[in-house]
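> sequence and predicted structure, then a few things I'm wondering about:
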Amino acid sequence: MIIDLQKFSAVERPVWQELERLLDQLELDPTFRLNVEQAKRFHYLYERTSADLSKLITFAAEPELRSYLEILVARAYSEIHETRGDQKRFAPIAWFLNTLPQTFRRHVKAFYLSTAACIIGTLFGGFAMAFDPEAKQTVMPAMFSEHLGDPAERVRREEQAKHTPTAGQLTPFSTQLMTHNIRQAINALALGMTFGIGTLVVLFYNGVILGLIGVDYVAAGQTKFLLAWLMPHGVIEIPAFLIAGQTGLVLANALIGWGKRERLAQRFRAVGPDLVTLIFGVGVMLIWAGLVEAFLSQYHEPVIPYSAKIIFGSIELVMLILFLARSGRKTELTANSAAA
Amino acid sequence: MTRTNTLLIKTPEGVVFSQTLAGPVTRFLAWLVDFACVIGVLMVLNIILMFVIVVSPEIGNAIALVLFFVVPVGYAMSLEWLWRGQTIGKRIMRLRVVDAHGLRLHFSQVAIRNLLRVIDLLPGMYVVGGLATFLTRRAQRLGDLAANTVVIRIPKIVEPNLEQLGADKYNSLRGYPHLCARLRQRVSPAEASTALQAIIRRDEFDAAARVQLFEDLAEHFKSKVEFPAEAIEGIADEQFVRNVADVLYRTETKRQRERAASVPSTEERPREAGGTLVR
């Protein structure tokens, strides 16, 4: 049997057009919700169009009409069979206070691994600096060239500077720091696709630089300056970078799938929203760190006492730990008990 | 792993629908268009920023730094999210990013495939991403793999032009309804579609190829059902195939039935050039 295409198309076209209108409405306005009657009608239209497609495939291999119906069925299918929850209007405060810390805790093992890679790098850098001071010249990237000289000399120069930069002059510096750091964070995430090797190398390398600078300043007797210079922005920037590493490792874990029974696509689908939450959280943290680094960390004694900067950094660190460890616990517990 | 250019999705209702996957070359062309768009936007912003820099060099430089970071990163991410998987380049090349399982595209998927672009770009000009599209089953770059997305081609939907079958033209096969019914029973949808497409696209063929094609098709359909000699005598192969497609795709209207009944015998009918019979 071959169907009469013209008649078939004429009879069914109103159904297809109604479905198309409904789909346009759903796709153009994410907040649009169907009421029960509309949902029933939508389901009916989808089923009827699906049946038309089946009929067309079985009884008349007409390519254009088939393409049209396939696209229509595909669009309706994506609306009807989506089970990952509605894409509600984004609530930034709830996201920041609940979703971000909850996601961080859910993948805390990856954070520990990220931290371990960085600490190993720091120890390596520290030992390298302690046993071979020339290592600084070899390992330090160009952007840290100001640390190549004697730390005591740098401290003397900074403290005796006659002109302190204005806020206007520091603004481009601040944005440069933010964009550079966010780029590095994105790289740490993307390198998760190298089975995490790239992410671990980046974490290790940054740890080496941290170790080199740390030991260099401590050995030169400039520990207080180091803490006062590093802590106000570093207590946010370094954890942000570790979280970026955590994101890359979560991605790598999904790619490797060690001990997991799900297929690769399912594993990626499961971690996708968490990766985005974490990397956007890193972005927020790095914007804050960039502002602090430009507008606070660059001012030294006598403009700002070192103790004040260290206290500020310590407060930030405590608040960050509390935020990551405690924020969103209440909603998490409620959700867990509801699930149980 | 078998490579395919079609994404097949089977719904729980048992309906299978397919979408054509975009190839690496089309995707690269779309990327070139997008790249040009990003450069264009940055050039315009640069001109605007020159005025800001005159007023405040520090603020101007800071805004420039932010924009030169945000525009390349955010261009594809925001457009793909707002235009449901399309950028300007993808619109021009008729491509769309969709979920690999046919579900709704989520923001996290758009974000991941664009954030992971840095690794697909390595070591330059999308070498890693390009290789991945050649090697993966669904032509996915690494960003697409991680985001569970694929890029599909959107076909131009053209209404099948059944008018070309010539509704008003005399169809000698219609005089034998029992044979027409047998023809409809024996011809498969694929064969029917071949006849229809050959008629619709006949002007696209070379003259010799056209003659050969319709000769083969006519021979094929004649072997399916044997019509009496008077029904096919003097009819060109192309006209015979058109008559077959007309029988297959059109239910006979009352007017056509009346016309078939009142038609004179073969000898009395006037003959059109090329063997096409007209009323």
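Received, thanks. Since we're looking at a predicted model, the values are computed, not measured.
> which residues of the stretch 101-250 of chain A lie near chain B?
With C-beta under 8 Å from any C-beta of the partner chain as the criterion, the stretch 101-250 of chain A meets chain B at residues A:168-169, A:171-172, A:174-176, A:178-179, A:182-183, A:186-187, A:189-191, A:193-194. C-betas here are computed from N, CA, C, even on glycine.
> ChimeraX command to pick out the buried ones of those residues?
Buried members of these, defined by 16 or more other C-beta atoms under 10 Å in any protein chain shown, are picked up in ChimeraX with:
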select /A:171,172,174,175,176,178,179,182,186,187,189,190,191,193,194
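> pLDDT weak spots in the stretch 1-150 of chain B?
Residue ranges of the stretch 1-150 of chain B with pLDDT under 70: B:1-4.
> make that the stretch 51-200 of chain A, sorry
For the stretch 51-200 of chain A, residues meeting the criterion pLDDT under 70 lie at A:60-62, A:83-88.
> residue boundaries of the helices in it?
Along the stretch 51-200 of chain A, counting by DSSP state H, counting those that start in this stretch, helices occupy A:63-80, A:92-94, A:100-106, A:108-131, A:135-139, A:151-159, A:167-190, A:197-219.
> any chance of these in JSON lines, with distance to B:Val211 too?
Shown next, in JSON lines, are the helices of the stretch 51-200 of chain A (distance: least, C-beta to C-beta, whole Å):
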{"stretch": "helix A:63-80", "distance to B:Val211": "24"}
{"stretch": "helix A:92-94", "distance to B:Val211": "69"}
{"stretch": "helix A:100-106", "distance to B:Val211": "68"}
{"stretch": "helix A:108-131", "distance to B:Val211": "69"}
{"stretch": "helix A:135-139", "distance to B:Val211": "77"}
{"stretch": "helix A:151-159", "distance to B:Val211": "88"}
{"stretch": "helix A:167-190", "distance to B:Val211": "58"}
{"stretch": "helix A:197-219", "distance to B:Val211": "62"}
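> and A:Pro239, which of those is closest to it?
Nearest of the helices of the stretch 51-200 of chain A to A:Pro239, taken as C-beta to C-beta: helix A:108-131 at 8.8 Å.
> let me know the angle separating the closest one from helix A:167-190.
Using axes from the mean of the first three to the mean of the last three C-alpha atoms, to 10 degrees, the inter-axis angle of helix A:108-131 relative to helix A:167-190 is 110 degrees.
> okay, helix A:108-131 in PDB with CA atoms only?
C-alpha atoms of helix A:108-131 as PDB (Å, rounded to 0.1, in the frame of the first residue of the first chain):
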ATOM      1  CA  VAL A 108      35.600  16.900  47.600                       C
ATOM      2  CA  LYS A 109      37.800  13.900  46.900                       C
ATOM      3  CA  ALA A 110      38.800  15.500  43.600                       C
ATOM      4  CA  PHE A 111      39.600  18.700  45.500                       C
ATOM      5  CA  TYR A 112      41.900  16.700  47.900                       C
ATOM      6  CA  LEU A 113      43.700  15.200  44.900                       C
ATOM      7  CA  SER A 114      44.000  18.600  43.300                       C
ATOM      8  CA  THR A 115      45.400  20.000  46.600                       C
ATOM      9  CA  ALA A 116      47.800  17.100  46.900                       C
ATOM     10  CA  ALA A 117      49.200  17.600  43.400                       C
ATOM     11  CA  CYS A 118      49.700  21.300  44.200                       C
ATOM     12  CA  ILE A 119      51.400  20.600  47.600                       C
ATOM     13  CA  ILE A 120      53.700  18.000  46.000                       C
ATOM     14  CA  GLY A 121      54.700  20.700  43.500                       C
ATOM     15  CA  THR A 122      55.200  23.300  46.300                       C
ATOM     16  CA  LEU A 123      57.400  20.900  48.200                       C
ATOM     17  CA  PHE A 124      59.400  20.100  45.000                       C
ATOM     18  CA  GLY A 125      59.700  23.900  44.300                       C
ATOM     19  CA  GLY A 126      60.700  24.600  47.900                       C
ATOM     20  CA  PHE A 127      63.400  21.800  47.900                       C
ATOM     21  CA  ALA A 128      64.700  22.900  44.500                       C
ATOM     22  CA  MET A 129      65.000  26.500  45.700                       C
ATOM     23  CA  ALA A 130      66.700  25.400  49.000                       C
ATOM     24  CA  PHE A 131      69.200  23.200  47.300                       C
END
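> just checking, what packs against it?
The helices and strands touching helix A:108-131, judged by 3 or more C-beta pairs under 8 Å, 6 or more residues apart in numbering or on different chains; DSSP states H and E, are helix A:135-139, helix A:197-219, helix A:223-256.
> any weak-confidence spans in the stretch 151-279 of chain B?
B:157-168, B:251-279.
> picking that back up, lowest mean pLDDT across the helices and strands packed on helix A:108-131, which one is that?
Note on the helices and strands packed on helix A:108-131: helix A:135-139 shows the lowest mean pLDDT, a mean of 80.
> burial measure for whichever residue of the stretch 101-250 of chain B sits closest to chain A, as a count.
Chain A sits closest to B:Ser193 of the stretch 101-250 of chain B, with a gap of 3.7 Å, by C-beta to the nearest C-beta. Neighbour count of B:Ser193, defined by other C-beta atoms under 10 Å in any protein chain shown: 22.
> kindly report the same for A:Thr164.
By other C-beta under 10 Å, 12 other residues sit near A:Thr164.
> for it, which non-adjacent residue is spatially closest?
A:Val303 (5.7 Å; C-beta to C-beta, 6 or more residues apart in numbering or on different chains).
> need phi/psi at the one you found.
Here is the backbone geometry of A:Val303 (degrees, to the nearest 10): phi -60, psi -50.
> verify the stated contact: it with A:Lys162.
No: look at A:Val303 against A:Lys162 with C-beta atoms under 8 Å: they stay out of range, at 11.6 Å.
> pop the domain breakdown of chain B in here.
Here the domain parsing of chain B from automatic domain parsing is B:6-153, B:162-275.
> who's in contact with the nearest residue to A:Leu56 once chain neighbours are set aside?
Once flanking residues are discounted, A:Leu56 sits nearest to A:Arg66: 5.6 Å by C-beta to C-beta, 6+ apart. Contacts for A:Arg66 (C-beta atoms under 8 Å, 6 or more residues apart in numbering or on different chains) come out as A:Leu53, A:Leu56, A:Ile57.
> could you dump these to a markdown table with neighbour count?
Formatted as a markdown table, the contacts of A:Arg66 follow (neighbours: other C-beta atoms under 10 Å in any protein chain shown):
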| residue | neighbour count |
| --- | --- |
| A:Leu53 | 23 |
| A:Leu56 | 22 |
| A:Ile57 | 18 |
